[in-house]
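>>> Predicted structure and sequence below. I'll ask about it afterward.
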Amino acid sequence: MISFLRNSILFLLCMTLYSAHSQTIPNAMPGLQAWWSADSLKVGNGNPVETWTTNNNEFLFVTQPTAANRPTLVDNVLNGKPVVRFDGVNDYLNGGDILDIQNDGQSMFVVAISKANNGIFVTK
């Protein structure tokens, strides 16, 4: 009984420490301008993405008016999370000048994989 109690307390302590040192979600980062997350999309698995709004600003979005050029939402791809899959041929989302960094020197992080040597992730 004492061993069980000791192990239970140790487990709870470890879980508390893990929770206290967990990663900050991007939305809580100071100065964050835009953050797109595939799990915010509500189009359904296997369906095309016409408009994708940022998680932190409803007025920032990327869009694709041409149905044949829309990427697809695919569930359970990356650690059980959905991804937006581009076909590598003509799929893209256009945001106009919303990411115009000019001379300010901004940082942009993209989690992506290319299955071809000619893949371009971000372009303007």
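Happy to help now that I have it.
>>> For stretch 82-96, buried residues please.
By neighbour count on 16 or more other Cβ atoms under 10 Å, the buried set for stretch 82-96 is 82-84, 86, 91, 93, 95. Every C-beta, even on glycine, is put in place using the N, C-alpha and C of the backbone.
>>> What lies in contact with the strand ranked longest in the chain?
Taking DSSP state E as the criterion, the chain has its longest strand at strand 72-78. With contact meaning Cβ atoms under 8 Å, 6 or more residues apart in numbering, strand 72-78 is reached by 38, 41, 43-49, 82-85, 87, 91, 111.
>>> buried residues in it?
Residues 72-73 are the ones in strand 72-78 that count as buried (16+ other Cβ under 10 Å).
>>> Next: stretch 45-59.
49, 52-56.
>>> Dump those to CSV, plus secondary structure and pLDDT.
Below are those laid out as CSV (DSSP: H, G, I helix; E, B strand; the rest coil; pLDDT from 0 to 100):
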residue, secondary structure, pLDDT
V49, coil, 95
W52, strand, 91
T53, strand, 88
T54, coil, 83
N55, coil, 79
N56, coil, 74
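>>> Which one of the contacts of strand 72-78 is nearest to N69?
Each of the contacts of strand 72-78 was checked against N69 using Cβ to Cβ; the closest is D91, at 5.6 Å.
>>> Would you mind confirming that the closest one makes contact with N69?
Yes. Using Cβ atoms under 8 Å, D91 makes contact with N69 at a distance of 5.6 Å.
>>> Would you mind getting the angle between the helix or strand where V84 lies and strand 72-78?
Assessed by DSSP states H and E, V84 sits inside strand 81-85. With axes from the mean of the first three to the mean of the last three Cα atoms, to 10 degrees defining the directions, strand 81-85 sits at 140 degrees from strand 72-78.
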